[in-house]
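Q: A structural model of the following input is requested.
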Amino acid sequence: MNAPLRGYTLDFIQSMLTEKSGRTSGWFNDLEIKSVFQPAFSLPQKHAVGFEASLRAADPDGKPVSPEVLFGPVQNYAETAMLDMLSTTVHIHNFFSRRPSHGVLFVNLHPEVLLDGSNSARFLASLFSHYEVTPRKVVIDIPGSALKDERLDDAIDCYRSLGCLISVDDFGVDNADLDSIWHAAPAVVKIGRSVVTNAMKDARARQFLPRAVSLLHEMGTLVLMEGIESEGQALLAIDADADFASGFFFGQHLEGVVDFSQPHELMEKLWDNYRKFNGSVRPEENGTRASLENETLHSSHIRGLRKASPADIARYREQRHPYLSGIQAIAEKIRAGAVFESSCDDFLDLPGAIRCFLLDGSGKLVSTDVYSTRPPARQSADFYSLAAHHDGDWSRRDFFRRAIKEPGVVQVTRQQCSLTGYRHCVTFSMAARIGNAKPVVVCGDVDWSVHEILP
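A: Just a heads-up that it's a prediction; the model follows:
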């Protein structure tokens with residue numbers, strides 16, 4: 001398929017490409033269009049799980065031309081669309097043509113091209129087909145400014161029908177109405193650089209940030225903090241319990257990703273320093289979310305979910321009971337000397353059960369994850385499988401912190417988005433001791449969408 005975009009076919013766009021030293025550039029009015037890539041790291045897994053593509057343009061003398069100057073005001077939409085699809089083709093070619101296994105690619109489209117979903121999605125379909133790209137490996141960034149545009153729903157439907165993931169870019173949490181996020185249901189929300197900078201200077205903003213991240217998780221989306229330029233900002237992202245982070249602290253933009261190597265020493269040092277300083281005194285999950293009712297950050301949908309009747313609450317507690325007993329049973333078995341992997345069968349047979357995993361007293365995986373043989377279907381991207389699991393650190397997650405604080409008592413999280421691709425994941429956890437050894441934390445994930453959605 002060679003679909004046109006307002007008269008421009010993929011063949012025509014590709015005629016504007018040149019390749020040199022293994023990298024492809026595009027040419028537009030004597031300007032050279034190049035790609036650069038910035039890694040996005042899964043903070044708990046200390047591993048890059050994707051890259052954000054950015055445009056670089058230069059005039060015939062090699063002087064840089066900013067995207068704002070390059071695109072300018074939209075006076076000729078057909079030309080704007082051609083330039084944007086040329087840039088996207090350059091990104092896709094450079095990232096996927098050698099078929100590296102480097103996770104997902106975040107792509108920005110010009111707002112007007114983005115909102116022209118039917119035409120843009122047809123062109124992207126031809127582009128993906130040509131380069132044999134799995135659409136689920138591409139994340140389309142929506143600027144926060146477009147969230148209330150009446151054309152956005154149809155555009156998102158077009159990209160989702162194609163198979164792409166959706167993210168919201170440069171999202172500001174101050175005075176934000178999150179109903180628009182709930183409605184768009186992105187896989188990822190990117191918290192902008194200005195929010196990070198403000199949180200470093202303002203104590204109230206710093207305390208507010210983890211509350212915002214917690215609520216976004218509850219709304220079914222993962223969180224990426226952009227613009228991380230210092231270790232202090234990276235520690236802030238960890239403390240806020242963000243899922244991902246990107247920025248110059250982790251390294252400069254890359255012209256190619258084939259030779260990219262994970263910065264293991266940098267990530268280990270970052271987490272070592274976090275543990276050394278013992279993080280901040282961030283409120284626990286329940287207090288954090290309750291306090292949101294008095295903040296300017298709000299969502300009427302979340303408030304609605306929390307207005308449960310006594311009968312609803314009683315039914316919810318009854319639904320939880322088999323899972324509470326299941327986690328206790330696993331702990332009893334491993335205390336008695338059983339192997340963890342063979343102790344999880346009963347829990348994993350429960351409705352919606354996804355996996356069981358075992359952490360040590362510092363939040364690191366002790367054993368291989370044990371998955372259900374009949375796992376529920378994922379509702380979002382499985383970022384967890386894109387990174388190594390053995391060196392992850394889950395000590396910032398509430399299911400771990402609460403279990404360690406109250407050993408022997410099963411803890412239950414609210415529904416939240418999981419890196420494993422479940423938007424309504426509930427984690428059951430319990431800290432237990434095996435003999436005289438240090439405590440371990442037994443954990444089990446459940447897709448609670450198999451039950452009636454309750455707070």
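
Q: mean confidence score for the helix or strand containing Arg122?
A: Per DSSP states H and E, Arg122 falls inside helix 117-131. In this model, helix 117-131 has an average pLDDT of 94.

Q: helices and strands around it, which ones?
A: Applying 3 or more Cβ pairs under 8 Å, 6 or more residues apart in numbering; DSSP states H and E, we find helix 117-131 packed against helix 10-14, helix 77-96, helix 152-162. Every C-beta, even on glycine, is put in place using the N, C-alpha and C of the backbone.

Q: ok, residues contacting it?
A: Helix 117-131 has contacts (Cβ atoms under 8 Å, 6 or more residues apart in numbering) with 1-6, 8-10, 81, 85, 88-89, 92-93, 96-97, 109, 113-114, 133-135, 138, 151, 154-159, 161-162, 164.

Q: pull the distance from that helix to the chain's centre.
A: Its chain's C-alpha centre and that of helix 117-131 lie 24 Å apart, by Cα atoms, centre = their mean, to the nearest Å.

Q: could I have the CA atoms of the helix or strand that that helix is followed by written out in CSV?
A: Using DSSP H and E, the next helix or strand after helix 117-131 towards the C-terminus is strand 138-143. C-alpha atoms of strand 138-143 as CSV (Å, rounded to 0.1, in the frame of the first residue of the first chain):
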residue,chain,number,x,y,z
VAL,A,138,5.3,3.4,17.8
VAL,A,139,3.9,5.9,20.3
ILE,A,140,2.2,9.0,18.9
ASP,A,141,2.7,12.1,21.1
ILE,A,142,-0.3,14.3,21.7
PRO,A,143,0.6,17.9,22.9
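
Q: angle of strand 138-143 against helix 77-96?
A: Here the directions of strand 138-143 and helix 77-96 differ by 140 degrees (axes from the mean of the first three to the mean of the last three Cα atoms, to 10 degrees).

Q: show me which residues of the strand or helix carrying Asn198 are buried.
A: Taking DSSP H and E as the definition, Asn198 sits inside helix 193-201. For helix 193-201, a neighbour-count test (16 or more other Cβ atoms under 10 Å) marks 193, 195-196, 198-199 as buried.

Q: circling back: just the buried residues of the contacts of helix 117-131.
A: Using 16+ other Cβ under 10 Å as the burial test, those include 3, 5-6, 8, 10, 81, 85, 88-89, 92-93, 96-97, 109, 113-114, 133, 135, 138, 155-156, 158-159, 162, 164 as buried.

Q: how many residues are close by Pro179?
A: In this structure residue 179 is Asp, not Pro. For Asp179, the neighbour count with other Cβ atoms under 10 Å is 16.

Q: again with the one 3 residues further on
A: By the other Cβ under 10 Å criterion, the neighbourhood of Trp182 contains 17 residues.

Q: Asp382 too?
A: Counted with other Cβ under 10 Å, residues neighbouring Asp382 total 13.

Q: tell me the secondary structure for it?
A: Secondary structure state of Asp382, per DSSP: H, G, I helix; E, B strand; the rest coil, is coil.

Q: now Leu236
A: From three-state DSSP, the assignment for Leu236 is helix.

Q: what sits against it?
A: Residues near Leu236 by Cβ under 8 Å, 6+ apart: 196, 199-200, 206, 209, 225.

Q: what's the separation between it and Val196?
A: Going from Leu236 to Val196 by Cβ to Cβ, to the nearest Å gives 7 Å.

Q: and the angle for the helix holding Arg122 with helix 77-96?
A: Relative orientation of helix 117-131 versus helix 77-96 (the same axes, to 10 degrees): 30 degrees.

Q: how far away is Pro44 from Ile404?
A: 16 Å.

Q: list the beta-bridge partners for Pro143.
A: Counting by DSSP bridges, Pro143 is bridged to Asp169.

Q: isn't it right next to Phe171, touching?
A: No - the criterion here is Cβ atoms under 8 Å, and Pro143 misses it with Phe171 at 9.2 Å.

Q: for the two, indicate the residue with more neighbours.
A: Phe171 (27 against 16).

Q: I'd guessed the more buried one sits against Gly144; true?
A: Yes - using Cβ under 8 Å, Phe171 is in contact with Gly144, at 4.8 Å.

Q: so Pro44 and Ile404 - more neighbours on which side?
A: Comparing Pro44 with Ile404 by other Cβ under 10 Å, the one with more neighbours is Pro44, at 23 against 18.

Q: the more buried one and Phe399 touch, don't they?
A: No - Pro44 is beyond contact range of Phe399, at 11.9 Å (criterion: Cβ under 8 Å).

Q: what helices or strands is the top helix by length along the chain leaning on?
A: Longest helix in the chain by number of residues (criterion: DSSP state H): helix 310-335. In terms of contacts (3+ Cβ pairs under 8 Å, 6+ apart), helix 310-335 is packed against helix 345-348, strand 353-360, strand 411-412, strand 425-433, strand 439-447.

Q: hmm, try it at 6 Å
A: strand 425-433, strand 439-447 (3 or more Cβ pairs under 6 Å, 6 or more residues apart in numbering; DSSP states H and E).

Q: what average pLDDT does the first one get?
A: To tie it back to what came earlier, the one meant is strand 425-433. 96.

Q: chain center to that strand, what's the gap?
A: With Cα atoms, centre = their mean as the basis, strand 425-433 stands 23 Å off its chain's centre.

Q: angle of that strand against strand 439-447?
A: Strand 425-433 and strand 439-447 are oriented at 160 degrees to each other (the same axes, to 10 degrees).

Q: so strand 425-433 versus strand 353-360, what angle?
A: Angle, strand 425-433 to strand 353-360, by the same axes, to 10 degrees: 30 degrees.

Q: please name every helix or strand in contact with strand 425-433.
A: helix 310-335, helix 398-405, strand 439-447.

Q: can you rerun that using 7 Å?
A: helix 310-335, helix 398-405, strand 411-412, strand 439-447 (3 or more Cβ pairs under 7 Å, 6 or more residues apart in numbering; DSSP states H and E).

Q: great, nothing more from me.
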